[in-house]
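In: Coordinates for the following, if possible.
(chains A, B, C and D)
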There are 2 protein chains.
Amino acid sequence: MKRHQTTIVDIAKKLNLSKSTVSRVLTGHPSVSEKTRQAVLELAGQLDYQRNMLSVSLLNKKSNTIGIIVPEFMSSYFPQVIMGAQEVAAEAGYNLIIGHSNETYETEVANTRLMLANQVDGLLVSLTKETRNFDHLKIFERKGIPIVFFNRVCDEMDVPKVVVDDYEGAFRAVEHLIKRKKKRIAHLAGPDSLLISVKRLRGYRDALKKYNIPIDEELIIPYDLTIAKVKIYVNHLLRLSNPPDAIFAINDPTAIEALQIVKKKGLDVPKDIAIVGFSNDLASGLIDPALTTVSQPVKEMGQTAAQLLIDQINRDVSEWKTIIRVLKTELIVRKSS
Amino acid sequence: MKRHQTTIVDIAKKLNLSKSTVSRVLTGHPSVSEKTRQAVLELAGQLDYQRNMLSVSLLNKKSNTIGIIVPEFMSSYFPQVIMGAQEVAAEAGYNLIIGHSNETYETEVANTRLMLANQVDGLLVSLTKETRNFDHLKIFERKGIPIVFFNRVCDEMDVPKVVVDDYEGAFRAVEHLIKRKKKRIAHLAGPDSLLISVKRLRGYRDALKKYNIPIDEELIIPYDLTIAKVKIYVNHLLRLSNPPDAIFAINDPTAIEALQIVKKKGLDVPKDIAIVGFSNDLASGLIDPALTTVSQPVKEMGQTAAQLLIDQINRDVSEWKTIIRVLKTELIVRKSS
DNA sequence: CCAATTTACGGGAATGTTCCCATATCGTTC
DNA sequence: GAACGATATGGGAACATTCCCGTAAATTGG
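Out: Numbering: from 1, shown residues only, chains lettered A, B, ... in the order given. As a prediction, the model looks like this:
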C-alpha cells in the first residue's frame, strides 16, 4: 500500500477551508487574509507538504522537463555534455531526463517515444552512427516540441544545432603535422554516416592539398569507433611498404590507443610517428608523451545546446530559430607531435 | 499557443467510441472486438498518439522516476556512477533525474524538495561534505519513499548503502608502501565529515601500527578536496625538516596533482617520493609515471545502488531492508610506488 | 445608513488516463 | 420463447492542482 502524500485538500479540510484558498496561499496569490495565510503555511510545514508537480504539469501542459539522448557512455565526452546541459537546465527550472541510444537506431527511436510519453518540453539529441531516417524526430516538430542537435547533427532538419568547427580543427591539426615535416600522414577516420567524420576528413584532405602533398587513399582508414579495432588498423598501417610518419586520429580515445600501440612496438613518438587527436580528453594531457590534440569545449557544448533549447521552448512555434552555433576548437600542441 | 497533443478522447471521438474502449485497446485489455481494435490502433498510429505518462503517474501515484543527488561533477567519478544508475534504471522502466548539490548543504536540501515535488519513487544520494543534519532525507522515510546511499553515506539512517571497503583499500595501499621500504608516509586526507575520509585514515593508521611505524601527526593533512590547495600542502610537506618519502592521497585527482608538483620540483617518483592514490580514474593509468592506486568499481556502484533502490521500491514499506553492500577494491600497482 | 466597492473565500471545471460498474445486444440452452 | 451468460461498449469517478466565476461579508464614501 502506498502511503498517503499530503495534498492541499488535506490541509484545507483540517483548517475548514476550500482547496482554492489553500492553493492561493501556496502559489502566493494576494487575495487571502494574513491569518489564514499563516495558518496554511504553518500546517503545510508541519505536514511536509510538497506540491505535486505531476498534476501541475498535466494541467499546464508543460512538464518543465527536457530530454537528452546520447549515443554512448564509453568515453567521458557525453557524460560531460550531459552535466553541462544539466547545469543550465536546472538553473532554468527544468529537469533533465537521460536517454541512451547505445549507437543503435532502434534504441534511439524507442528513447524518442519515451521522451514523448514523458511529455518533455524539448529534446537534445546527438545521433547514432546508424541513424539515417529521421521520422521519429520529425514527430517532435509536428507536435510543436523543439529539438536541438549537438555534436552529431542532422542535416535535413531545420532546427538549432551546436557543433564545433570540425573542418577547421582538423585542417589546423594536419597543417601542424606538415609543418613538423611529416610527409605521410595517415588518418584514422570515423564512419561516413557522421557529419563530424566527413568534416574532419575534408579538413585533412584540404590541408594536404594546400601544401601539395599527394593524398594516399591507403592512409585513410574509416572505422566504426569501436576502440578494439584500432590495433588492427595501426598494425596494418605500420606494415605498409611505405608506412606513415604521422597519424591524425578522429578522436582522443583513438589517438591514445594508437599511441600506446606504437610505443609498444618500440617506435619513438613523435620522431618515428607523430600522433594528433581530437577532443582534449582529460587523459590526453597526462599520458606520456602528452598528446597533441584539438581541444573542444565539451561542457560548453552541453550548456549552449540546453540554452538554445530553452530559448526555443520560450518562443512561439512560429518564431522558432534555426541557429547553428559553431564552437571554437583550439590546437593544443604537446609532446606527441 | 501550445499545440494540441492527441489524446485518447480525440481518437474516441473520431471513431465514435468512448475513451474507455480506446483505453482498453491501448492497454491491451482483451474484451474488445477485433474490428475496433484495428481501427483504434491504426488511427493512433496515424495521429502519432503517445500515452501521457503524467496522467498515468498521477492516477497510479507512481511516477516511474527515481532521483539521484550527487555532490560534484568535477571528476569523472560521479558522472560514471550516474551512467551506471541510468543503465539499470532504464532497464527497469524508470527515468532518472539528476540533482547536483554542489557540495553545499542548502543546495542538497533544495534538490531534495525538488525530488519530492517531482514525485520520485525513490532516491539515490551521495552526501555533501557539509551535510550533518539529515531531516530533509528523513522526510522520505516518513513518506514511504525509499532511499539508498552510495559512496558518501549517512550513518544515522537505517537504509541500504553502497560503499567500497575504504578501510581495507587504504590499509593495503599503505602496507604496499611500507613493503617498498618507505618509512615516512604522508597522508593527504579528506574532511572529517566524510565517512570515507575517516575510514581511509583509519586504514592508514592501522597499517602503520601493524608494522610498528610511529604515526607522525604532522604528516596527516586533512583538506577540503579543492584541488588547488594540494600545491600548498605538498610544498609544506616537502619543506619539513624531516620530509616524507611517500604520499598516500585520499583520491586520484589529489594524487595526480601531487605527482605533477613533486615531478616539477625535480624529485624522482617513486625513488624520492612514492605516490599512491585511490579510485583508479581513467587518467591514472596514463600519466607518467603511471599511478599506483586502489581501484574501485565506479559504474558498478551506480548499478548496484540503483538495483537496491528498485528492489526497495518493489517491496512493501514494512519489508524494507537495510543491506549494506560493500564493493571490493583492488590495489593496482604501477610505476609511482 | 445605504449603496458601492473591496476583500476573502467557495464551487467547479479542466488536464489525460484507468478502472469499476452498468448496460445493451446477441447467442445459447432447455 | 424465456431466461441466462457472454461479449462489447459507455459512463463516471479518481488522481492533485489551478483558475475562472460567483458570492457573502466587510469596508468605504456620501
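In: correct me, but A:D216 touches A:H187?
Out: No. Contact status for A:D216 versus A:H187: not in contact, 10.1 Å apart, counting by Cβ atoms under 8 Å. No exception for glycine: its C-beta is placed from N, CA and C like everyone else's.
In: Looking at these two, which is more packed in?
Out: A:H187 (25 against 14; other Cβ atoms under 10 Å in any protein chain shown).
In: Next, A:A274: phi, psi?
Out: Note on A:A274: backbone dihedrals following degrees, to the nearest 10 are phi -90, psi 150.
In: same check, this time on A:P244
Out: According to degrees, to the nearest 10, A:P244 has phi -70, psi 160.
In: okay, now it: neighbour count?
Out: Residues near A:P244, counting by other Cβ under 10 Å: 22.
In: show me the contacts for it.
Out: A:184-186, A:219, A:237, A:273 (Cβ atoms under 8 Å, 6 or more residues apart in numbering or on different chains).
In: okay, A:E34: pLDDT?
Out: Per-residue confidence (pLDDT) for A:E34: 90.
In: any idea how far it lies from DNA strand C?
Out: Separation of A:E34 from DNA strand C (Cβ to the nearest atom of the strand, to the nearest Å): 7 Å.
In: Could you list which of the contacts of A:P244 also contact chain B?
Out: Among those, no residue is within reach of chain B (Cβ under 8 Å from any Cβ of the partner chain).
In: Considering those, which possesses the most neighbours?
Out: In terms of neighbours by other Cβ under 10 Å, those top out with A:A186 at 28 neighbours.
In: can you pull the pLDDT of it?
Out: 96.
In: for A:M1, same thing?
Out: 39.
In: Kindly report the same for A:D245.
Out: Value for A:D245, per-residue pLDDT: 95.
In: from memory it sits against A:D272, does it?
Out: Yes. A:D245 is within contact range of A:D272, at 7.2 Å (criterion: Cβ under 8 Å).
In: ok, those two, which is more surrounded?
Out: A:D245 (18 against 15).
In: and the more buried one, what does it touch?
Out: A:182-185, A:272-274.
In: Next step: those residues restricted to strands.
Out: A:185, A:274 (DSSP state E).
In: The residue lying closest to A:S193 once chain neighbours are set aside: what's it in contact with?
Out: Among residues not flanking A:S193 along the chain, A:K129 sits closest, at 5.4 Å (Cβ to Cβ, 6 or more residues apart in numbering or on different chains). Residues near A:K129 by Cβ under 8 Å, 6+ apart: A:71, A:103, A:152, A:190-191, A:193-194, A:224-225.
In: Let's verify A:K129: helix, strand, or coil?
Out: Of the three states, A:K129 takes coil under DSSP: H, G, I helix; E, B strand; the rest coil.
In: how close does it get to chain B?
Out: 19 Å (Cβ to the nearest Cβ, to the nearest Å).
In: That residue and DNA strand D, how far apart?
Out: 41 Å.
In: quick one: stretch A:210-223 to chain centroid distance?
Out: 29 Å (Cα atoms, centre = their mean, to the nearest Å).
In: for it, what is the average pLDDT?
Out: Stretch A:210-223 comes out at a mean pLDDT of 95.
In: what secondary structure does A:V120 sit in?
Out: On the basis of three-state DSSP, A:V120 is classed as coil.
In: hmm, I was thinking of A:S75
Out: Going by three-state DSSP: A:S75 is coil.
In: what about the residue nearest to it when sequence neighbours are not counted, which helix or strand?
Out: Nearest residue to A:S75, sequence neighbours excluded (Cβ to Cβ, 6+ apart): A:P253, at 5.4 Å. In the assignment (DSSP states H and E), A:P253 maps to helix A:252-264.
In: With A:R24 instead?
Out: helix A:19-27.
In: in the stretch 151-300 of chain A, which spans are strands?
Out: A:161-164, A:185-189, A:220-222, A:246-249, A:274-279, A:292-295 (DSSP state E, counting those that start in this stretch).
In: Figure out which of those strands is closest to A:V230.
Out: strand A:185-189 (6.9 Å; Cβ to Cβ).
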